[in-house]
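**Student:** Predicted model follows, preceded by the sequence.
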Amino acid sequence: MERLSARLLSWASLIDEKTVEQARTSSRMPFIHPHLALMPDAHLGKGATVGSVIPTLGAIMPAAVGVDIGCGMIAVRTQFTKEELLARDLTALREQIERAVPLSAGRDNRKVVATAEPRVAELEELATKAEFDPARYAEHWRLQLGSLGSGNHFIEVSVDELDRVWMFLHSGSRGVGNKIATHHIGVAQRLAEQWWIELPDPDLAYLVEGTEEFRRYIRELRWAQHFALLNREEMMDRVARQLSEVMGEPVAEHERINCHHNFTESEKHFGKQVWVSRKGAIQADEGRPGLIPGSMGTASYVVEGLGNPLSLNSSPHGAGREYSRSAARRTFSHEQLRQAMAGIEFRDTDAFIDEIPQAYKPIDRVMADASDLVRVRHTLRQLVNVKGD
């Protein structure tokens, strides 16, 4: 860990100056308490740095959570072994998963399926309690439940160091969460203009605790966080059904972990009750299970938090980009992607060049930097990879 200033600590050994300066700017906001923590995977973001933990007193910056509210990971350990899985047709498994889960931006389910019905009902009840109608943001939000999205979102079937098969996926609150976040970022920016508040960056606009705008944001934020969690649960159940069909017997779940990495919670740190916004970071209280994925084609990790107080009980959420998507497309080729994915069943298309492992920080370096934040319980190597364009 390196103390970059009195209000900025960094665990990132690989970080560029633009990212550091962006984090410095955020750390100077007057309500930061006690300091901003940069995770090992930190990289440039919109307003606030991706891979940052931002504790605030009496205010929240909606852009410090990000537009994919509640984005995170879920993993399930099954009873199957690597040998049993490799005896099956992995191409067929991938294609079945691709048919069961809508992929890519803007893709929804055609109908609310039976497994999604109780989850939709739960979200409807929660929205009523939160006093808002999610359809005002996304008319078809019910059909979004159980859909993956695109970018770095993925579904994987992997094996751990004991050759046990895991299902692993990454997704968030989809279009409805994005629109909720975008709305409240706009509200905060309009209030800043209305009250002549000078900001170092418009995306650091904030909502003040105790105001109606703040209360509404928290209600809708919590709904979107729960949508994201249930979205992952719904997709995981569908993946389990496809794996069961291919393996010829029902999946027996020996462990299930579901965690956010774009979210806000009220927590006590350094003697104060603060709002902790983790934008690309997971909660890592002592003994708390968590998930840190690598990039496409590399290892992922099942971890346990060490409860490091300086990190505000947090850890990285993944590898962190070194190349922007456009830079990755200019730098790397389809053939390099194929080489990086050797031995992994995936949809072989140049649409995923910007997700090539070389576009990200080396996950082993990230995990080494995080050695005082988490301990590794399991190392996962993917055998099947599913992504949306």
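**Tutor:** Arrived safely, thanks for sending. Since the model is a prediction, treat every value here as computed from it, not as a measurement. Residues are numbered from 1 along each chain as shown.
**Student:** gap between the two ends of stretch 40-55?
**Tutor:** 18 Å (CA to CA, to the nearest Å).
**Student:** Then stretch 284-298?
**Tutor:** Between the opening and closing residues of stretch 284-298 there is a gap of 22 Å (CA to CA).
**Student:** how about the residue positioned nearest the centre of the chain, phi and psi?
**Tutor:** Residue closest to the mean C-alpha point of the chain, counted by CA atoms, centre = their mean, is residue 72 at 3.2 Å. Main-chain dihedrals, residue 72, degrees, to the nearest 10: phi -180, psi -160.
**Student:** what pLDDT does the closest residue to it other than its chain neighbours get?
**Tutor:** Nearest residue to residue 72, sequence neighbours excluded (CB to CB, 6 or more residues apart in numbering): residue 260, at 4.0 Å. Placement of C-beta: from N, CA and C, glycine included. Residue 260 carries a pLDDT score of 96 in this model.
**Student:** Isn't the residue nearest to the centre of the chain up against residue 278?
**Tutor:** No: Residue 72 is not in contact with residue 278 according to CB atoms under 8 Å; the separation is 9.9 Å.
**Student:** any shared contact partners between the two?
**Tutor:** Overlap of the contact sets of residue 72 and residue 278 (by CB atoms under 8 Å, 6 or more residues apart in numbering) consists of 260, 261, 262, 263, 317.
**Student:** May I ask which of those has the most neighbours?
**Tutor:** If you count neighbours using other CB atoms under 10 Å, the busiest of the shared contacts of residue 72 and residue 278 is residue 261, which has 30 neighbours.
**Student:** Report the contact partners of it.
**Tutor:** 71, 72, 73, 278, 280, 281, 282, 317, 318.
**Student:** Please give me every residue in contact with the first one.
**Tutor:** In other words, residue 71. 170, 171, 172, 173, 177, 228, 260, 261, 262.
**Student:** Quick check on it: phi, psi?
**Tutor:** Here is the backbone geometry of residue 71 (degrees, to the nearest 10): phi -50, psi 140.
**Student:** distance of it from residue 65?
**Tutor:** To residue 65, residue 71 is 10 Å away according to CB to CB, to the nearest Å.
**Student:** what's the overlap in contacts for these two?
**Tutor:** Counting by CB under 8 Å, 6+ apart, the residues touching both residue 71 and residue 65 are residue 262.
**Student:** Thought residue 282 was touching the residue nearest to residue 72, still the case?
**Tutor:** Yes: here residue 260 reaches residue 282: they are 7.3 Å apart, a contact under CB under 8 Å.
**Student:** Mutual contacts of those two, please.
**Tutor:** Residues touching both residue 260 and residue 282 (CB under 8 Å, 6+ apart): residue 72.
**Student:** where does residue 17 land on pLDDT?
**Tutor:** At residue 17, pLDDT is 96.
**Student:** Below-threshold pLDDT in the chain: ranges please.
**Tutor:** Filtered on pLDDT under 70, the chain yields no residues whatsoever.
**Student:** any idea which helix is longest in it?
**Tutor:** Using DSSP state H, we find that the single longest helix of the chain is helix 212-247.
**Student:** Show me how far it is from its chain's centre.
**Tutor:** 12 Å (CA atoms, centre = their mean, to the nearest Å).
**Student:** Please spell out which residues along it are buried.
**Tutor:** Of the residues in helix 212-247, 214, 216-243, 246-247 count as buried by neighbour count, 16 or more other CB atoms under 10 Å.
**Student:** immediately after that helix, which helix or strand?
**Tutor:** Next in sequence after helix 212-247, counting helices and strands by DSSP states H and E, comes strand 255-260.
**Student:** what does that following strand contact?
**Tutor:** The contact list for strand 255-260 (CB under 8 Å, 6+ apart) reads 70-77, 225, 228-229, 232-233, 236, 278, 282-283, 289-291, 302.
**Student:** so which pair among the contacts of residue 71 is furthest apart in space?
**Tutor:** 170 and 177 (14.3 Å; CB to CB).
**Student:** The two: who's more crowded?
**Tutor:** Set side by side, residue 170 and residue 177 show more neighbours around residue 177, with 31 against 26, by other CB under 10 Å.
**Student:** tell me which strands and helices the top strand by length along the chain is in contact with?
**Tutor:** Secondary structure of the chain per DSSP state E: the longest strand is strand 374-387. Judged by 3 or more CB pairs under 8 Å, 6 or more residues apart in numbering; DSSP states H and E, strand 374-387 is in contact with helix 82-86, helix 90-100, strand 154-159, strand 164-171, strand 289-292, strand 300-305.
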